[in-house]
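**Student:** The following comprises the amino acid sequence and a computationally predicted model.
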Amino acid sequence: MNTPIVSVKDVSFRYNDRKVLEHINFDVPEGSFLALLGPNGSGKSTLIKLTLGLLPMQDGEINLFGHARKNFKQWSKVGYISQKANSFNSGFPATVFEVVSMGLFGKVGMFRFLKRHHKERVHEAIETVGLKAYTHHNIGELSGGQQQRAFIARSLVSDPELLILDEPTVGVDASSVQDFYELLKRLKVENGITLILVTHDVGPVTNLVTHVACLNKQLHFHGYTTDYQRLDNDNLSSFYGHAVHMVDHQH
Amino acid sequence: MIQDFIQYDFIRNAAIVGIMIGFLAPLLGVFIVVRRQALIADALSHITLAGIAASLLLSKQFIMFKTLNPVYIGMAFSVTGSILIEKLRIEYKHFQELAIPIILSIGIGLSVVFISLANGFNTDLFNYLFGSIIAVGVSDVWMVFIVLIVVVIAIFLFYKELFLLSFDEEQAHVSGIRSRFIHFLFMILVALVIAASMRIVGILLVSALITLPVAASIRIATGFKQAILYSIGFGEMSVIGGLIVSYYFDLAPGGTIVLIAALILVSVIIWKKNRYIFRNGKHKEGNV
């Protein structure tokens, strides 16, 4: 069996005295698309931040590509799009090209400069997300959906093998959200990227995700999407703490 | 003026230092402004003032400090202040802006105490507060030149990291960039430039030269590199224009430089607004 891309082992975390995560265990196999579900405050973002090293580990261990997180150095293999991408300083004077090329900075390394092939890669990534016409526009001039695509291009430009998206569609209009999921589908099929999508609504992506993990301090469910769909409403309610309805989006 | 420029050393020195500062202050200013830290320049300039006051006090007491350029002790204070700001920002994670008033008030407090200890100062201190052409000596030219070289090399080498860190700290971290080191380095550069700038523009006006050209440039620039270029352009226009005006009308150069920078800013804002009206027939917001 291949080493999982991400392996979460008995991870617990608390902010001061408030427990946010309790004994979380799961693996993300290569090429899978995991939807990490949970209500607000369920610890989803905390778990992602722990995975990315944005928060210090308290208990347990997270392995990335088979390496313990603290020894992990190949950050260019990991793309990350945060919730904050929606609320960045839109007055920042940076063109789409400049923003996307930031995705290469870690890979290029200190004291080195972007070469021609890097720049070509940036143009390719911009084209992949359909923003070619805006290459030399300031990022602040774009709509929310376009900005989000620019941030995707930024995380794609370093050819990541794992892409983590933390509620990427918050504040993005409905038609852009649809385009966005189409793009994710293409990435998964064409590039074989492993995806982790943090969301509170799995509906629009039910057909896309291979695995589902339900988190609310503890891991309430982790398995294949098909098994998740077979869960009855009682099970889901106990997890969310209130009645929910599974909405299936068949296209 | 050309003749005076050739004839009088001090005018030449002032012009050379002015041109270097007109380049340096807005260059760093772009990074400072986009990080929403515009007030850091104020905090550091006030702590620099404390260093200058300390140096002037020492020169009153001890012969050996008579020949020392007060800018050096000012610079030492400024660098120390910048390190303290970074420490305080880590200490007060959720109130990062708190570091600025803390350092600013300590700077003023120290300055006032040093000044009263020395029973007041002569016009020297006034020159440091508001800037002066006559005060600029050859040693200043060399000092600013060294600061220029250090800053240009550092920005050139760490441009990528500074840019990413200014835009998105979280992403910088995920990219494996050593953000704390870069922050720290940048703060020291800012401290050096502020101390170096004050001979000409004066402590109270240094932050204006760091922020006003940038404020004008980000209204019209497309992209970060263009923002830097325009900022430096506006900075140079302000410094050169300000020096010429202050020379002919015998005014404090700091004031004229800042007023020209403000004039440029206002012109850019008006031009930008009218350009929209002109093109679209009505006012339209730039960002949606």
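**Tutor:** Yes, it's here.
**Student:** Contact residues of chain B facing chain A?
**Tutor:** B:34, B:36, B:157-158, B:160-161, B:163-164, B:167-168, B:170-171, B:173-177, B:217-218, B:221-227, B:286-288 (Cβ under 8 Å from any Cβ of the partner chain). Yep, even glycine has a C-beta here, placed from its N, CA and C like the rest.
**Student:** make it 6 Å
**Tutor:** B:34, B:157, B:160, B:164, B:170, B:173-176, B:218, B:221-224, B:227, B:287 (Cβ under 6 Å from any Cβ of the partner chain).
**Student:** Looking at these, spot the one nearest residue B:70.
**Tutor:** residue B:157 (30.6 Å; Cβ to Cβ).
**Student:** what's the pLDDT at the closest one?
**Tutor:** On pLDDT, residue B:157 comes in at 94.
**Student:** returning to that earlier point: tell me which of the residues of chain B next to chain A is nearest to residue B:258?
**Tutor:** Taking the residues of chain B next to chain A together and measuring to residue B:258 by Cβ to Cβ, the closest member is residue B:218, at 18.3 Å.
**Student:** So, low pLDDT: which residues of the chain?
**Tutor:** You didn't pick a chain, so chain A it is. A:1, A:84-87, A:171, A:232-251 (pLDDT under 70).
**Student:** my bad, the chain I had in mind was chain B
**Tutor:** Filtered on pLDDT under 70, chain B yields the residue ranges B:1, B:121-123, B:276-288.
**Student:** biggest helix in it, by residue count?
**Tutor:** helix B:138-167 (DSSP state H).
**Student:** Give me the distance from it to the chain's centre.
**Tutor:** 13 Å (Cα atoms, centre = their mean, to the nearest Å).
**Student:** Only C-alpha atoms, please: export the helix or strand that comes right after it in CSV.
**Tutor:** Following helix B:138-167 in sequence order, the next helix or strand is helix B:169-174 (DSSP states H and E). Taking Å, rounded to 0.1, in the frame of the first residue of the first chain, the C-alpha atoms of helix B:169-174 are listed here in CSV:
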residue,chain,number,x,y,z
GLU,B,169,1.9,36.2,5.9
GLU,B,170,0.1,32.8,6.2
GLN,B,171,1.1,31.9,2.6
ALA,B,172,4.6,33.0,3.3
HIS,B,173,4.8,30.6,6.2
VAL,B,174,3.4,27.7,4.1
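**Student:** How about the contacts made by the residue in the stretch 1-150 of chain A positioned nearest to chain B?
**Tutor:** Closest residue of the stretch 1-150 of chain A to chain B, Cβ to the nearest Cβ: residue A:106 (3.1 Å). Contact analysis of residue A:106 by Cβ atoms under 6 Å, 6 or more residues apart in numbering or on different chains lists A:75, A:76, B:175, B:176.
**Student:** List the contacts of the last one.
**Tutor:** By that I understand residue B:176. Contacts of residue B:176 (Cβ under 6 Å, 6+ apart): A:75, A:106.
**Student:** How about the secondary structure of it?
**Tutor:** coil (DSSP: H, G, I helix; E, B strand; the rest coil).
**Student:** one step back: just the element for the residue of the stretch 1-150 of chain A closest to chain B, please.
**Tutor:** Going by DSSP H and E, residue A:106 is in helix A:96-108.
**Student:** likewise residue A:22?
**Tutor:** strand A:18-28.
**Student:** in its sheet, what does that strand sit against?
**Tutor:** Strand pairing for strand A:18-28, using DSSP bridges, gives strand A:6-15 (antiparallel).
**Student:** Leaving out the residues flanking it, which one is nearest to whichever residue of chain B sits closest to chain A?
**Tutor:** Nearest to chain A in chain B, going by Cβ to the nearest Cβ, is residue B:175, at a distance of 3.1 Å. Spatial nearest neighbour of residue B:175, excluding adjacent residues (Cβ to Cβ, 6 or more residues apart in numbering or on different chains): residue A:106 at 3.1 Å.
**Student:** Tell me the spacing between the one you found and residue A:118.
**Tutor:** From residue A:106 across to residue A:118, the span is 12 Å (Cβ to Cβ, to the nearest Å).
**Student:** go on, residue A:95?
**Tutor:** 16 Å.
**Student:** more crowded one of these two?
**Tutor:** Neighbour count, other Cβ atoms under 10 Å in any protein chain shown: between residue A:95 and residue A:118, residue A:95 has more, with 22 against 17.
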